[in-house]
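Visitor: Next input, structure requested:
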Amino acid sequence: MLGLFGFLIVGIIVFLLLKKITVPSIAFIVVPTVMVLIAGFAGFLPESALMNGKVLENFSFLTVGRFIREGVRGTYETAALFIFSITFFCLMDDTGLFERVIGGLAKKAGNNVILVCMLTTLIAMIGHLDGSGASTFLITIPAMYPVFKRLKMRNTSLMLVATSSMGVMNLLPWGGPTIRAASVINMDAGELWRHILPMQGVGVILAFAVSFIVGKMEIKNGAGYDPDFKPSLAADGEENKSPEEKLAIRRPRLFWFNLILTLATIAALCFISVPSFYLFMIATAIALLVNYPGNKVQSARIGSHARGAVMMASTLLAAGVLLGILQESGMMDSMGGLMVSVIPPALGPYTAIIIGVFSAPLALAFDTDSYYYGVLPVVISVAGSYNVPPAAVAVTMVVCRNLACFISPMVPATLLGCGLAEVEINEHIKTSFFWVWGMSVIMLISGLVFGIIPV
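Guide: Next comes the predicted model:
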């Protein structure tokens, strides 16, 4: 019953988002709260979910509060990151930095929509070498968003190209999913990655193929160079300013300072082990002090970008409510066991392949930790009884799930990317889901062909 409650929560939320019945933050808060209260008062929660330290308590609203507190702890850093990162990039746009940089990129790419898509793939792959989805979105989206707009390309295509590339690169041995899977099967992450490498090579080819096809589709949709377009990451209302008002906040004399500050911030994201939100706090403070000295003008610049930053931060914190309830109540573990139990015994030897095929849809329901620490051990146990090696199971589940990692509302970085690209999460899922699912299935087939995954 607990697993059914979990799947029902996810199903209702996905339905509400796809039908645009409500905004994500409300769905993330209301649906899991109502369902966990029903499950709790009906007595379906396990004793482990009712533990508060060493004291066993009866289910109450305090129990739900503890679930939520634990969940929000996992998302507040991403919320802080979004607030300060979007403020920083908007400030750089205010100064006129992006107009000059994007103008140079546009000259290089010309009117070649396909080249822009493939350049986005390359930037996302390079940016994701550090294994961080948040930093990759922060590197890729602000750089390419104005280019896509200038060429009249859709924001959803930008997210599709970026996420398909990131899903492939997320297989690297220092990436979180590979490390998690390796720890479950007691294998060195580098050794597990060597099994994955041929399939990852296929994924790289597929990512560039997807960007090529998306470019072709954008051309058919009317994409092309717009000489009158002025790139802007401005918040609502900023685009209505007069040319004189926009010129007043430009800082052309500080172009090189702002460019160096931006590049230094991105480099620090990749190479310095400091919380990302803190780096953007520092960068935002420096940008304001140098470009807009004085309390009045600084307040005006922050206020002009506050609406978008707060809206997305509230969504990220609300996602913590959903994750906390699913994880701390035991629903996520029950969902994994229920999912595996429905596989008929005759299909037991193919358990890993079956889970691999459906890993992309399952990414919408499971967060990363629950998938690798909850579902993976169960699948290994079932497949092991049919002499399927644990490494083969791990490879299948890592590769196939990773492709859909950044379309999942269970991954906070996904919400960050959607916010930066100004794409609703439901539109992102509708646009990208079948592309990444198809990529995951093709990579699974390549693993079977290469003999990495035994039949």
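Visitor: where do the helices sit along the stretch 51-200 of the chain?
Guide: Using DSSP state H, counting those that start in this stretch, the helices of the stretch 51-200 of the chain run over residues 61-73, 76-95, 97-109, 113-127, 133-150, 155-169, 176-184, 189-220.
Visitor: among those, where is the model least confident on average?
Guide: Looking at these, the lowest mean pLDDT belongs to helix 97-109 (a mean of 66).
Visitor: Out of the helices of the stretch 51-200 of the chain, indicate the one that is most buried.
Guide: Neighbour counts (mean count of other CB atoms under 10 Å) averaged over each of the helices of the stretch 51-200 of the chain peak at helix 155-169, with a mean of 27. Glycine gets a C-beta too; all of them are placed from N, C-alpha and C.
Visitor: What ranges in the stretch 201-350 of the chain fall below the confidence cut-off?
Guide: 225-246, 270, 308, 336 (pLDDT under 70).
Visitor: try 90
Guide: Low-confidence segments of the stretch 201-350 of the chain (pLDDT under 90): 221-252, 262-263, 265-280, 300-350.
Visitor: rewinding a little: turn the helices of the stretch 51-200 of the chain into JSON lines, columns for distance to residue 436.
Guide: Listed next are these as JSON lines, based on distance: least, CB to CB, whole Å:
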{"stretch": "helix 61-73", "distance to residue 436": "25"}
{"stretch": "helix 76-95", "distance to residue 436": "21"}
{"stretch": "helix 97-109", "distance to residue 436": "25"}
{"stretch": "helix 113-127", "distance to residue 436": "13"}
{"stretch": "helix 133-150", "distance to residue 436": "14"}
{"stretch": "helix 155-169", "distance to residue 436": "6"}
{"stretch": "helix 176-184", "distance to residue 436": "14"}
{"stretch": "helix 189-220", "distance to residue 436": "9"}
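Visitor: so residue 423 touches residue 162, yeah?
Guide: No - here residue 423 does not reach residue 162: they are 10.6 Å apart, not a contact under CB atoms under 8 Å.
Visitor: Residue 153 and residue 222: what is the separation?
Guide: Distance of residue 153 to residue 222, given as CB to CB, to the nearest Å: 9 Å.
Visitor: Looking at these two, which is more packed in?
Guide: Using other CB atoms under 10 Å, the more surrounded residue of residue 153 and residue 222 is residue 153, with 27 against 8.
Visitor: Surely that one touches residue 224?
Guide: No - if you go by CB under 8 Å, residue 153 and residue 224 don't touch, sitting 9.1 Å apart.
Visitor: Need the overlap of contacts for those two.
Guide: Common neighbours of residue 153 and residue 224, using CB atoms under 8 Å, 6 or more residues apart in numbering, are residue 113.
Visitor: Three-state assignment for residue 20, please.
Guide: coil (DSSP: H, G, I helix; E, B strand; the rest coil).
Visitor: Could you find the closest non-adjacent residue to it?
Guide: In space, and not counting its chain neighbours, residue 20 is closest to residue 426: 6.4 Å by CB to CB, 6 or more residues apart in numbering.
Visitor: Ok, which of the helices of the stretch 51-200 of the chain comes nearest residue 250?
Guide: helix 76-95 (6.3 Å; CB to CB).
Visitor: same for the closest one, what does it pack against?
Guide: Judged by 3 or more CB pairs under 8 Å, 6 or more residues apart in numbering; DSSP states H and E, the packing partners of helix 76-95 are helix 133-150, helix 255-271, helix 276-291, helix 295-304, helix 306-328, helix 412-421.
Visitor: Kind regards, and thank you for your time.
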